[in-house]
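Engineer: Provide a 3D model corresponding to the input given below.
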Amino acid sequence: VIGITGGSGSGKTTLTEALCRRAGTEHVAVITSDAYYHDLAHLDPAQRSLINYDHPDSIDGALFVKHLDELRAGRPAEVPDYDFATHTRTGTFSVVEPRRVVVAEGVLLACDPGVFDRLDYLVFVHAPAEVRLARRIVRDQRERGRHRDDIVRQFHETVTPMHDVHVEPHRLRADRVVFPSETLDDVVDELHQAFLA
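Structural biologist: Reported below is the predicted structural model:
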């Protein structure tokens, strides 16, 4: 299991997708912590807007660990489909089949001791805050239908403080830190050679 973590907008998903293209999806399974936010359907929308989604408590770590164990054991995992616009699970699932390598990806990936203990190798993708914010604005407007002012406010009020406390310290625990000066192809080639060649 390769863990890929780093701040929101650092390039984790880009690295994960590039590794999958290089290795082939028949060899790599991907499981992302974004699918494991707690279902908040029991709260009204106003209450949901008050939740700090950048804190580790927002993630259902127990289910994530269970699914990592299932994939390690050669069994498929039924990953919940999560709707970021409503902060609820849709009630449907995406089946992730076990593969030779499992890539676990997410901002808060290394915060849960159970998840961290199941990672054989941890990659931390580093990017400056201004780069991460610019990427997050584009993504959240395009994919999650959010307004720019709301994205910027959240980035400064919760994303950055939670990043400093719960994300950045894991850079020191990582087996590999990816810096902005490195090319994506070189990093993908390195990981491919180490785990999939």
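
Engineer: need the contact list for Ala62.
Structural biologist: Listed by Cβ atoms under 8 Å, 6 or more residues apart in numbering, the contact partners of Ala62 are Gly114. In short, each C-beta sits where N, CA and C put it, glycine included.

Engineer: which helix or strand lies directly C-terminal to whichever strand or helix holds it?
Structural biologist: Using DSSP states H and E, Ala62 falls within helix 61-72. Using DSSP H and E, the next helix or strand after helix 61-72 towards the C-terminus is strand 77-83.

Engineer: give me the contact list for that following strand.
Structural biologist: Applying Cβ under 8 Å, 6+ apart, the contact partners of strand 77-83 are 31, 34-37, 39, 63, 67-68, 70-71, 88-96.

Engineer: what is the orientation angle of it with helix 61-72?
Structural biologist: Inter-element angle recorded for strand 77-83 and helix 61-72: 140 degrees (by axes from the mean of the first three to the mean of the last three Cα atoms, to 10 degrees).

Engineer: strands paired with strand 77-83, and their directions?
Structural biologist: Here strand 77-83 is paired, per DSSP bridges, with strand 88-96 (antiparallel).

Engineer: derive a PyMOL selection command for the buried subset of the contacts of strand 77-83.
Structural biologist: The following PyMOL line selects those of the contacts of strand 77-83 that are buried, judged by 16 or more other Cβ atoms under 10 Å:
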select buried, resi 31+35+36+37+63+67+68+70+71+88+89+96
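
Engineer: centroid residue for the chain?
Structural biologist: The geometric centre of the chain, computed from its C-alpha atoms, lies nearest to Gly106 (Cα atoms, centre = their mean), at 1.6 Å.

Engineer: what's the closest non-adjacent residue to that one?
Structural biologist: Ser33 (2.8 Å; Cβ to Cβ, 6 or more residues apart in numbering).

Engineer: and the gap between the one you found and Val103?
Structural biologist: 12 Å (Cβ to Cβ, to the nearest Å).

Engineer: what's the nearest residue to Val159 if we skip its chain neighbours?
Structural biologist: Asp54 (5.2 Å).

Engineer: try Val1
Structural biologist: Closest residue to Val1 apart from its sequence neighbours, by Cβ to Cβ, 6+ apart: Val102 at 4.7 Å.

Engineer: do Arg139 as well
Structural biologist: Leaving aside its sequence neighbours, Arg139 sits nearest to Gly9 (Cβ to Cβ, 6+ apart; 7.1 Å).

Engineer: who's in contact with Gly24?
Structural biologist: Per Cβ under 8 Å, 6+ apart, neighbours of Gly24: none.

Engineer: for this protein, what's the longest helix?
Structural biologist: Criterion DSSP state H: the longest helix present in the chain is helix 129-144.
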